[in-house]
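Participant: one predicted model, sequence on top.
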Amino acid sequence: MKDLSANMTQMIARKNDVVAQNTAGITYLFKKNKIDTYEGLGSFVDKNTIKITKNDGSEEQITAKNVIIATGSKPTSLPFLPIDKKRIITSTEALNITEVPKHIVVIGGGVIGLELGSVYARLGTKVSVVEFMPSIIATMDAGLGKELQRVLKKALGMEFFMNHKVTGASVEGETVTVTADNSKGEQVKFEADYCIVAVGRTAYTEGLGLENIGIKTEERGNKIPVNEHLETTVPGVYAIGDVIKGAMLAHKAEDEGVYVAEHIVGQKPHINYNLIPGVVYTWPEVASVGYTEEQLKASGTKYKSGSFPFKASGRAKASMDTDGFVKVLADANTDEILGVHMIGPRAADMIAEAVVAMEFRASAEDIARICHAHPTYTEAIKEAAMAATENRAIHI
Ligand code: NAD
């Protein structure tokens, strides 16, 4: 098809509409559950008193027996790279660009850089990813980053500059110039319409008045220290989500919120942090749970590995989504599943099967013997589990 173009104004308006519907849904649920909402900046006066400074400058104080801090995170900036929010931007501004840029430089080949970069690449923007490490999504199983990089290059023409250390950026008119040192120590330059800085996120605690109750944040990442019950050093003050240690993921925060509520009322909740799935919403999607192959090697665990490529899946062929694979890692002696890593169509949804299986401490053979509907992408999980059990996948 020729002469296709994206209507960015309409695309952003639709995105804003979906966000508005979701936040309205939360407002409705608050009302339904009789939760009072106060709009303004909240800060601790003491451990049981919160001052709310409203937008019109007025103040109000409320008291509570327990307080849960859930203030999240904000994009990390680099000291030598001031974010002007116009040309040198973070994910926040990148969600509101109203034209299709010609060229975007993304600093950081992590989750945010790749999710946003791939959206713009799909709309026709030339996207250059400048990454400090030798691989993208470096904390996930190494096979995933390798395959994702290959597909994003092949399908969307994204360019990757690995082992590059960004040293600065400057803006002149509508052009931003990013400078970096490549692996040989030579200086390289990138000229683009926008530079998206996606080098991580930092816990958001500004204005909270933590100093008023004696909570000190960690030097690295500014996180609030908590104990095994997610309680801070101040009894009755809890913290959850991005503002504390662990993965910066909405579903992790959600589980922690439920944990604290149940703990406060005297129940005995539990979170298995090893079984919080990680997902990258590119296409193909990337999803992972449990230990990576690199972690198992480092801990000296004896494991078996079974993989199944989507190019051998009937469903993937029918829907022309044949990139990627599923990999199942299982204990060499007990066959217990230790990790499942996948890249491919609907991986974000499919990882739930692996999480359920691992939560019940299933073996690879358990999944291999469970009937999976045909034709579905989930058959790839069954086949990878069969391959891990004793190399007996049927369809490869
Ligand atoms: P990230 O930690 O995932 O990736 C940052 C990348 O930037 C790393 O690869 C790092 O090596 C690189 N980097 C750091 N300094 C650099 C430099 N000077 N030059 C070049 N590269 C540099 O961080 P992110 O992508 O910004 O995401 C932040 C957090 O938000 C993460 O914890 C992520 O898990 C979370 N998040 C998750 C999702 C999701 O689950 N889909 C979506 C959005 C955000």
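Facilitator: That came through fine.

Participant: now do the contacts for residue 180.
Facilitator: 130, 161, 164, 165, 166, 167, 187, 188, 190 (CB atoms under 8 Å, 6 or more residues apart in numbering). All C-beta atoms are positioned from the backbone trio N, CA, C, and that covers glycine.

Participant: check residue 167 too.
Facilitator: So residue 167 contacts 80, 179, 180, 181, 187 (CB under 8 Å, 6+ apart).

Participant: so which of the contacts of residue 180 reach the ligand?
Facilitator: With CB under 6 Å from any ligand atom as the criterion, the contacts of residue 180 include 130, 165, 166 near the ligand.

Participant: most neighbours of all those residues, which one?
Facilitator: When neighbours are counted by other CB atoms under 10 Å, residue 130 leads those with 25 neighbours.

Participant: any low-confidence regions in the stretch 1-150 of the chain?
Facilitator: The stretch 1-150 of the chain contains residues with pLDDT under 70 at 1.

Participant: and the residue of it found nearest the ligand, how many neighbours?
Facilitator: Distance from the ligand to each residue of the stretch 1-150 of the chain (CB to the nearest ligand atom) is smallest for residue 110, at 1.8 Å. A total of 22 residues lie near residue 110 under the criterion other CB under 10 Å.

Participant: what does residue 146 show for phi and psi?
Facilitator: Residue 146 adopts backbone torsions of phi -60, psi -50, taken as degrees, to the nearest 10.

Participant: list the residues that contact it.
Facilitator: Taking CB under 8 Å, 6+ apart as the test, what residue 146 contacts is residue 135.

Participant: roughly how far apart are it and residue 12?
Facilitator: Distance, residue 146 to residue 12, using CB to CB, to the nearest Å: 33 Å.

Participant: can you check residue 328 too?
Facilitator: Using CB to CB, we find residue 328 at a distance of 40 Å from residue 12.

Participant: ok, the two, which is more surrounded?
Facilitator: residue 328 (32 against 14).

Participant: so the closest residue to the ligand within the stretch 201-350 of the chain versus residue 325, what's the distance?
Facilitator: As assessed by CB to the nearest ligand atom, the ligand sits closest to residue 248 within the stretch 201-350 of the chain, at 3.5 Å. Distance of residue 248 to residue 325, computed by CB to CB: 26 Å.

Participant: how close does residue 25 get to residue 18?
Facilitator: As for residue 25, its distance to residue 18 is 11 Å (criterion: CB to CB).

Participant: now do the end-to-end distance for stretch 166-177.
Facilitator: 11 Å (CA to CA, to the nearest Å).

Participant: show me which residues of that stretch are buried.
Facilitator: 166, 169, 176, 177 (16 or more other CB atoms under 10 Å).

Participant: what's the average pLDDT for it?
Facilitator: Mean pLDDT, stretch 166-177: 96.

Participant: how distant is it from the center of its chain?
Facilitator: Computed by CA atoms, centre = their mean, to the nearest Å, the chain-centroid distance of stretch 166-177 equals 27 Å.

Participant: go on, stretch 383-396?
Facilitator: For stretch 383-396, the distance to the chain centre is 30 Å (CA atoms, centre = their mean).

Participant: can I get it as CSV, trimmed to CA atoms?
Facilitator: C-alpha atoms of stretch 383-396 as CSV (Å, rounded to 0.1, in the frame of the first residue of the first chain):
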residue,chain,number,x,y,z
GLU,A,383,6.7,-27.4,22.9
ALA,A,384,9.5,-25.5,24.7
ALA,A,385,8.6,-27.4,28.0
MET,A,386,8.7,-30.7,26.0
ALA,A,387,12.1,-29.7,24.7
ALA,A,388,13.3,-28.9,28.2
THR,A,389,11.9,-32.2,29.7
GLU,A,390,13.9,-34.5,27.5
ASN,A,391,14.3,-32.9,24.2
ARG,A,392,11.1,-34.4,22.9
ALA,A,393,9.4,-31.4,21.2
ILE,A,394,7.0,-32.8,18.6
HIS,A,395,6.9,-29.9,16.1
ILE,A,396,10.5,-29.1,15.5
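
Participant: for the longest helix anywhere in the chain, the distance to its chain's centre please.
Facilitator: Using DSSP state H, we find that the single longest helix of the chain is helix 8-32. Distance of helix 8-32 from its chain centroid, counting by CA atoms, centre = their mean, is 21 Å.

Participant: ok, residues contacting that helix?
Facilitator: Helix 8-32 is contacted from outside by 37, 95, 96, 97, 98, 99, 100, 123, using CB under 8 Å, 6+ apart.

Participant: same thing but at 7 Å, please
Facilitator: Identification of contacts with helix 8-32 by CB atoms under 7 Å, 6 or more residues apart in numbering yields 37, 96, 98, 99, 100.

Participant: repeat that for stretch 327-339.
Facilitator: Against stretch 327-339 from outside (CB under 7 Å, 6+ apart): 143, 289-293, 296, 302-307, 340-342, 357-358, 361-365, 384-385, 388-389.

Participant: wait, isn't the residue of the stretch 201-350 of the chain closest to the ligand in contact with residue 201?
Facilitator: Yes: taking contacts as CB atoms under 7 Å, residue 248 lies within contact range of residue 201: 5.6 Å.
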